[in-house]
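K.L.:
How does the following fold in three dimensions:
(2 chains)
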Amino acid sequence: MTSDKKETIQGKMQQLDELVGWFQGDEFQLEEAKAKLKKATDLAQGIERDLTAFTNDITELKQSFQADTGAS
Amino acid sequence: MEAARVTVSDFIAIMNQTMEYTFPVVEVEGEVASFKVNQGKFVFFDLKDAGGSVGCFMMLFSLRVPIEDGMKVIVTATPKLTQWGKFSLTVRAIRPSGEGSIKKSFELLRAKLDAEGLFAPERKRPLPAIPQRIAVISSTQAAGYADFVKILNDRWGGLRVDVAHVTVQGADAPDQIIRALDYLNGREELPEVIVIIRGGGSADDLSAFNDEKLVRAIATSRVPTLTGIGHEIDTSLSDLAADVQAATPSNAAQLVVPDRREIIAAVRAKTASLLPHVQHAIDQTRQRVDGLVELAFDKTSRQFEQQTERLVRIRELLKELNPQRVLERGYAFVRGELWQGGRIDIETAEAIIKARIETYDKR
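P.N.:
The predicted structure follows:
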């Protein structure tokens, strides 16, 4: 996941959910559907690509938590 | 050899120095008797077995688990000879020993903390559906931690994980975990979840997670907590105090992040569900257009028929009004000089006759 919130998987999934909501809601317009459908497909592909490619960043903290080590 | 002669005070000091050198710290196992708390801060009890008894003293704040007479315990202590010549153990830590005592201590503390509401369901906070940053408190050498990381990496990616390495067994474990909790709760950028991991072990191995201070630290954590301690059958007081309890470290990984395969399947299903909406809208529009065309055709046809009928009627009328029809009925048109002697044309259906008027009388 990147630091740009718009580019996070969560952000993309939220956008996809909004698009799905648009297709299911009263605001649906056939004239706009083609562009929205393409956007949804692109988002889905992006999410799948991210989920497949991203790895976790696991860091062991340098702090020691033993007694009298001054861990804070 | 000449006997050393010292004062009483020096003798006591020498004895204490000798014991401190020989046994700086000693663990003694025995049964608790005559347990009492004086002035709300000093704890006294005897530790005994079939062959003897020794007095013990400790501060109340060092008492981390409920103790009562008859319980078998292990004390971590320093031997001391008091200025009144009484031998005792100054206890630094005490923990129940043996299945019966561990269970008894567990039940006593659980009842106490439950009465305070520490395990109440309404205190539980949900974990974020898709966290971006989590923290883990565990021993990085433990098998349980390795299981957690393996499942975590298999299920999800892009997660930032800060790991606080602590010991998860023994007398030091509770304080190390508490320090790690305090550290993580005090960071400027808080994790979204703190996961506390410890693989399986005996009741004694897991007893660190029944430490009262640790249980309270978990219950008061600013950051939601998830525990994955021991096996499915193990439940510690830390588990009860956590916001979410996983059955095992592997299960903790399953609870803290979604499975990327499930998300991908869900995303594909969502995208696939859009086309039927478009198709349905196209079908509806087509039906509406077809309906309008049919309506327009019907209206046009009806108008054409009406106009055609009108035309027929006009044609019939015109036919009726045609002068030729009058002539055909036997009448004749007379045109010309309408006076006596005038020349006129008489037009019948069959002929046009020229004639002269013999008389002309006005009516």
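K.L.:
what residues does chain A put near chain B?
P.N.:
By CB under 8 Å from any CB of the partner chain, the part of chain A that sits against chain B consists of A:1, A:8-10, A:13, A:16-17, A:19-20, A:23-24, A:28, A:30, A:33-34, A:37, A:40-41, A:44, A:47-48, A:50-61, A:63, A:65-67, A:71-72. For glycine as for every other residue, the C-beta is placed from the backbone atoms N, C-alpha and C.
K.L.:
Buried among those? Make that a ChimeraX selection.
P.N.:
Buried members of the residues of chain A next to chain B, defined by 16 or more other CB atoms under 10 Å in any protein chain shown, are picked up in ChimeraX with:
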select /A:1,8,9,10,13,16,19,20,23,28,33,37,40,41,44,47,48,50,51,54,56,58,61,63,65,71
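K.L.:
taking the residues of chain A next to chain B one by one, which sit in strands?
P.N.:
A:57-60 (DSSP state E).
K.L.:
Pull the most distant pair out of the residues you listed.
P.N.:
Using CB to CB, those reach their maximum pairwise distance at A:57 and A:60, which is 11.6 Å.
K.L.:
Phi, psi for residue B:181 please.
P.N.:
phi -60, psi -50 (degrees, to the nearest 10).
K.L.:
is it true that it touches residue B:137?
P.N.:
Yes - contact status for residue B:181 versus residue B:137: in contact at 6.8 Å, counting by CB atoms under 8 Å.
K.L.:
Neighbour count for these two, which is higher?
P.N.:
residue B:137 (29 against 25; other CB atoms under 10 Å in any protein chain shown).
K.L.:
In contact with that one, which residues are there?
P.N.:
B:163-164, B:166, B:177, B:180-181, B:184, B:194-197 (CB atoms under 8 Å, 6 or more residues apart in numbering or on different chains).
K.L.:
which parts of the stretch 251-363 of chain B sit against chain A?
P.N.:
So far as CB under 8 Å from any CB goes, the stretch 251-363 of chain B lies against chain A at B:260, B:263-264, B:267-268, B:270-271, B:273-275, B:277-278, B:281-282, B:285.
K.L.:
In helices only, show me those residues.
P.N.:
Among these, the members falling in helices (DSSP state H) are B:260, B:263-264, B:267-268, B:270-271, B:274-275, B:277-278, B:281-282, B:285.
K.L.:
what comes up buried for the helix or strand hosting residue B:13?
P.N.:
Using DSSP states H and E, residue B:13 maps to helix B:8-22. Buried residues in helix B:8-22, counted by 16+ other CB under 10 Å: B:12, B:16, B:19.
K.L.:
which stretches of the stretch 1-150 of chain B aren't confidently modelled?
P.N.:
Scanning the stretch 1-150 of chain B for pLDDT under 70 picks out the ranges B:1.
K.L.:
can you rerun that using 80?
P.N.:
Residues of the stretch 1-150 of chain B that meet the criterion pLDDT under 80 lie in B:1-2.
K.L.:
Nearest to chain A: which residue in it?
P.N.:
Among the residues of the stretch 1-150 of chain B, residue B:130 lies nearest to chain A; the distance is 5.3 Å by CB to the nearest CB.
K.L.:
State the distance from the residue nearest to that residue when sequence neighbours are not counted to residue A:31.
P.N.:
Leaving aside its sequence neighbours, residue B:130 sits nearest to residue A:10 (CB to CB, 6 or more residues apart in numbering or on different chains; 5.3 Å). Distance from residue A:10 to residue A:31, counting by CB to CB, to the nearest Å: 30 Å.
K.L.:
Mind checking which of the residues of the stretch 251-363 of chain B next to chain A are buried?
P.N.:
Using 16+ other CB under 10 Å as the threshold, B:260, B:263-264, B:267, B:270-271, B:274, B:277-278 are the buried ones among these.
K.L.:
Now tabulate these in JSON lines and tack on pLDDT.
P.N.:
Converted to JSON lines, these look like this (pLDDT from 0 to 100):
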{"residue": "B:260", "pLDDT": "92"}
{"residue": "B:263", "pLDDT": "90"}
{"residue": "B:264", "pLDDT": "92"}
{"residue": "B:267", "pLDDT": "92"}
{"residue": "B:270", "pLDDT": "91"}
{"residue": "B:271", "pLDDT": "91"}
{"residue": "B:274", "pLDDT": "90"}
{"residue": "B:277", "pLDDT": "86"}
{"residue": "B:278", "pLDDT": "87"}
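K.L.:
which residues do residue B:181 and residue B:137 both contact?
P.N.:
Common contacts of residue B:181 and residue B:137 (CB under 8 Å, 6+ apart): residue B:194.
K.L.:
tell me the contacts of residue 31?
P.N.:
Assuming you mean chain A. Counted by CB under 8 Å, 6+ apart, residue A:31 has zero contacts.
K.L.:
hm, I was asking about chain B
P.N.:
B:47-49, B:70-73.
K.L.:
Quick check: the residue nearest the centre of chain A vs residue B:133, distance?
P.N.:
Nearest residue to the geometric centre of chain A (CA atoms, centre = their mean): residue A:9, 1.3 Å. Distance, residue A:9 to residue B:133, by CB to CB: 14 Å.
K.L.:
Quick check: residue B:255 vs chain A, distance?
P.N.:
Distance, residue B:255 to chain A, by CB to the nearest CB, to the nearest Å: 16 Å.
K.L.:
quick check, that residue in a helix?
P.N.:
Yes - under DSSP: H, G, I helix; E, B strand; the rest coil, residue B:255 falls within a helix.
K.L.:
so it sits right up against residue B:225, yeah?
P.N.:
No - in this structure, residue B:255 is not within contact of residue B:225 by CB under 8 Å, at 11.7 Å.
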